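Chemist: attaching a predicted model along with its sequence, questions to come.
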Amino acid sequence: MKKAKGELKKAKLILDKDYQIGKVNRRLFGSFIEHLGRAVYEGIYEPDHPQADRDGFRKDVIELVKELNVPIVRYPGGNFVSGYNWEDGIGPRERRPKKLDLAWHSTETNQIGINEFVEWAKKVNSEVMLSINLGTRGIDDARNIVEYCNHPSGSYWSDLRRSHGYQQPHNIKVWCLGNEMDGPWQIGHKTAYEYGRIANEAAKVMKWVDPSIEVVAAGSSGWHIPTFGEWESTVLDLAYENIDYVSLHAYYGNQENDTPNFVAKSLDMENFIRSVISACDYVKGKKHSSKTINLSFDEWNVWFHSHEEDKKVEPWSVAPHLLEDIYDFEDALLVGSMLITLLRHADRIKIAALAQLVNVIAPIMTVKGGKSWKQTIFYPFKHASNYGRGTVLNAIVDSPKYNSKDFSDIPVLDSTAVFEEESGNITIFAVNRDQKNDLLLEGDLRGFDGKYKIAEHIIMQNDDPKASNTENNPDNVVPQTKKIKDMIVKDGKFSLLIPKFSWNVIKIERIFE
Ligand code: AHR
């Protein structure tokens with residue numbers, strides 16, 4: 001990243017109203033709550049907490065989730081679901097069994113189950129994306145759970161739900177057919193053929209119970225797993241007509257403490273997405289099908305800080321401190337770039353879930369009996385979720401580039417933009433990956449009629465990549481909003497300074513005179 005002394009580095013961003021990638025599905029900003037660690041117990045649910053509502057849910061957490069604006073929440077796992085009997089979590093609480101959770105070596109009290117979770121989701125204005133157990137269970141369980149949740153009445157399972165106090169069906173629309181079934185760590189791990197067959201049969205009967213549902217087949221648990229590709233093509237081949245989405249999962253870490261390489265890891269995510277789209281379209285072509293399978297990126301985040309701590313956790317504890325990564329500033333930048341990457345594929349990624357939401361690799365942390373606070377990654381997610389609605393434009397970015405250990409030609413400026421047809425407003429999201437140099441962004445808005453002004457520039461910047469928020473210093477890393485007065489876009493052109501190593505949201509408003 002060399003530049004002549006005194007010279008400001010420049011990047012160009014061209015946005016044309018007619019060059020569109022696709023409409024953002026609101027489900028792109030979903031998240032995930034697993035029965036894992038303190039996500040449920042001490043996270044969303046803590047009946048003895050001073051801020052608990054009458055159902056035992058923490059009101060402070062509800063407010064933070066609402067601030068994030070999360071339209072869909074995946075539940076109850078994750079690895080947990082592959083050993084879960086959902087019937088353990090319904091009916092009178094005092095009769096619910098305590099069970100060993102073999103996925104996380106914890107004890108599950110079952111005090112929260114599907115019904116309570118659906119109630120919680122309503123409080124945070126989210127829909128539930130429910131995973132079923134295809135590890136220890138199968139087709140019978142799959143049809144029963146849909147009947148329990150979605151059938152109005154007049155059958156054994158629907159009437160059982162009503163007897164539990166839920167007269168109206170939950171109408172859960174999105175269902176995950178198991179979780180990471182390609183992974184040897186999964187309870188009931190399967191070959192692609194075994195999984196493709198059971199996923200197809202489960203999807204078929206689930207849709208016979210409720211034809212309005214959409215189902216997600218478990219894709220590879222990661223791009224680098226040896227069965228990747230073969231897994232997708234086999235599963236899609238066996239289940240194509242009955243599934244709607246295929247899932248992707250990706251987690252990144254900076255174990256090597258190589259920041260320039262770490263903040264470029266969204267390029268790996270980009271290649272992963274492209275490969276899964278290719279696999280879906282390969283099977284589509286092979287079958288001469290008119291149906292397109294879309295993507296559900298239902299687990300993504302940074303995850304590595306807690307790996308060592310987790311080895312020390314006492315087995316079979318209830319709600320242990322597991323996967324409690326404390327995120328730093330560079331993590332927030334990578335999360336920003338991952339959000340930009342998801343937006344760039346809005347035409348095919350219709351669902352995504354930041355994994356996870358509370359306490360477990362999460363933007364929101366809680367203290368038992370105490371306060372809740374926001375991690376660094378809270379902010380880029382909040383910005384993208386609140387302002388990234390509309391149509392994603394095919395942004396042409398001409399940026400200086402650099403190389404790192406794993407990547408070459410990494411654009412210093414990572415950027416995309418969303419256009420809102422109704423208001424005419426544009427929002428640009430941008431990451432400057434350069435730790436040393438500010439960038440002069442030269443914007444070019446083409447095909448946008450009318451007058452525009454730069455209304456707001458939100459910047460999250462820190463010279464210390466390792467700066468983080470903590471329970472005692474929760475506002476150490478927060479974004480600042482630069483109010484911009486009267487910066488009119490002249491002849492479609494504008495320039496703005498993008499500070500070194502920063503996350504940016506630039507709001508461009510249409511002026512009606
Ligand atoms: O999100 C944590 C875990 O990561 C999930 O349980 C599993 O699906 C993935 O491996």
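Modeler: Here it is on my side, so go on. Residues are numbered from 1 along each chain as shown.

Chemist: so what's the residue count around residue 194?
Modeler: 15 (other C-beta atoms under 10 Å). Placement of C-beta: from N, CA and C, glycine included.

Chemist: chain center to the helix or strand of the chain with the lowest mean pLDDT: distance?
Modeler: Ranked by mean pLDDT, DSSP states H and E, the weakest helix or strand in the chain is strand 480-488, scoring a mean of 84. Distance of strand 480-488 from the chain centroid (C-alpha atoms, centre = their mean, to the nearest Å) equals 30 Å.

Chemist: please list the residues outside the next helix-or-strand element following that strand that contact it.
Modeler: Using DSSP states H and E, the helix or strand that follows strand 480-488 in sequence is strand 493-498. Residues outside strand 493-498 that contact it (C-beta atoms under 8 Å, 6 or more residues apart in numbering) are 11, 413, 430, 432, 438-445, 454, 457, 487, 504, 506, 508.

Chemist: okay, the angle between strand 493-498 and strand 480-488?
Modeler: 160 degrees (axes from the mean of the first three to the mean of the last three C-alpha atoms, to 10 degrees).

Chemist: strand 493-498: which residues count as buried?
Modeler: 494, 496-498 (16 or more other C-beta atoms under 10 Å).

Chemist: do the same with stretch 71-89
Modeler: Buried residues in stretch 71-89 (16+ other C-beta under 10 Å): 71-84, 86-89.

Chemist: show me what residue of the chain gets nearest to the ligand.
Modeler: residue 78 (2.9 Å; C-beta to the nearest ligand atom).

Chemist: neighbours of the closest residue to that residue other than its chain neighbours, just the number please.
Modeler: In this structure, residue 78 finds its nearest non-sequential neighbour in residue 34, 3.6 Å apart by C-beta to C-beta, 6 or more residues apart in numbering. Taking other C-beta under 10 Å as the criterion, the count of residues near residue 34 is 26.

Chemist: do the one 10 residues further on as well
Modeler: Residue 44 has 28 neighbours, counted by other C-beta under 10 Å.

Chemist: about what we covered before: out of the buried residues of stretch 71-89, list just those in strands.
Modeler: Among those, the members falling in strands (DSSP state E) are 72-75.

Chemist: now the residues you listed in CSV, with pLDDT and distance to the ligand?
Modeler: Shown next, in CSV, are those (pLDDT from 0 to 100; distance: C-beta to the nearest ligand atom, whole Å):
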residue, pLDDT, distance to the ligand
72, 98, 16
73, 98, 13
74, 98, 10
75, 98, 12
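
Chemist: which members of the residues you listed are the farthest-apart pair?
Modeler: 72 and 75 (9.9 Å; C-beta to C-beta).

Chemist: find the residues that touch each one of the two.
Modeler: When contacts are counted by C-beta under 8 Å, 6+ apart, residue 72 and residue 75 have 128-129 as shared neighbours.

Chemist: for this structure, what lies in contact range of the ligand?
Modeler: Residues of the chain lying close to the ligand (C-beta under 6 Å from any ligand atom) are 34, 77-79, 179-180, 221, 249, 299, 355-356.

Chemist: pick the one among the residues you listed closest to residue 384.
Modeler: Of all those, residue 384 sits closest to residue 355, with 15.5 Å by C-beta to C-beta.

Chemist: was I right about that closest one contacting residue 377?
Modeler: No. Counting by C-beta atoms under 8 Å, residue 355 sits too far from residue 377 to count as a contact (11.3 Å).

Chemist: quickly list what's touching both of those two.
Modeler: The contact sets of residue 355 and residue 377 overlap at residue 301 (C-beta under 8 Å, 6+ apart).

Chemist: just the mean pLDDT for the helix or strand encompassing residue 147, thanks.
Modeler: Using DSSP H and E, residue 147 falls within helix 139-150. Helix 139-150 carries an average pLDDT of 98.

Chemist: residues of that helix that come out buried?
Modeler: 141-150.

Chemist: okay, the angle between whichever helix or strand comes after that helix and helix 139-150?
Modeler: Once helix 139-150 ends, the next helix or strand along the chain (criterion: DSSP H and E) is helix 156-163. Orientation of helix 156-163 against helix 139-150 (the same axes, to 10 degrees) gives an angle of 40 degrees.

Chemist: give the buried residues for helix 156-163.
Modeler: 157-158, 160-161.

Chemist: what average pLDDT does that helix get?
Modeler: Confidence for helix 156-163, expressed as mean pLDDT, is 98.

Chemist: that one: what's the following helix or strand?
Modeler: Next in sequence after helix 156-163, counting helices and strands by DSSP H and E, comes strand 174-177.

Chemist: by contact count, what packs against that following strand?
Modeler: strand 127-132, helix 192-209, strand 214-217, strand 294-302 (3 or more C-beta pairs under 8 Å, 6 or more residues apart in numbering; DSSP states H and E).

Chemist: how about the last one as PDB, C-alpha atoms only?
Modeler: Only the C-alpha atoms of strand 294-302 are listed here, as PDB (Å, rounded to 0.1, in the frame of the first residue of the first chain):
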ATOM      1  CA  ASN A 294     -31.600 -19.900  -3.100                       C
ATOM      2  CA  LEU A 295     -29.100 -19.600  -0.300                       C
ATOM      3  CA  SER A 296     -29.600 -19.300   3.500                       C
ATOM      4  CA  PHE A 297     -26.300 -18.200   5.100                       C
ATOM      5  CA  ASP A 298     -27.600 -19.200   8.500                       C
ATOM      6  CA  GLU A 299     -24.400 -19.100  10.500                       C
ATOM      7  CA  TRP A 300     -21.700 -16.500  10.000                       C
ATOM      8  CA  ASN A 301     -19.500 -14.500  12.300                       C
ATOM      9  CA  VAL A 302     -16.000 -14.200  13.800                       C
END
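
Chemist: for that strand, the distance to its chain's centre please.
Modeler: Counting by C-alpha atoms, centre = their mean, strand 294-302 comes out at 6 Å from the chain centroid.

Chemist: span of stretch 400-408 from start to end?
Modeler: One end of stretch 400-408 to the other measures 12 Å (C-alpha to C-alpha, to the nearest Å).

Chemist: go through that stretch and flag the buried ones.
Modeler: Judged by neighbour count (16+ other C-beta under 10 Å), stretch 400-408 contains these buried residues: 400, 402, 404, 407.

Chemist: which residues does the second one bridge with?
Modeler: So the one you mean is residue 402. residue 410 (DSSP bridges).

Chemist: ok, it to residue 72 distance?
Modeler: According to C-beta to C-beta, to the nearest Å, residue 402 stands 36 Å off from residue 72.
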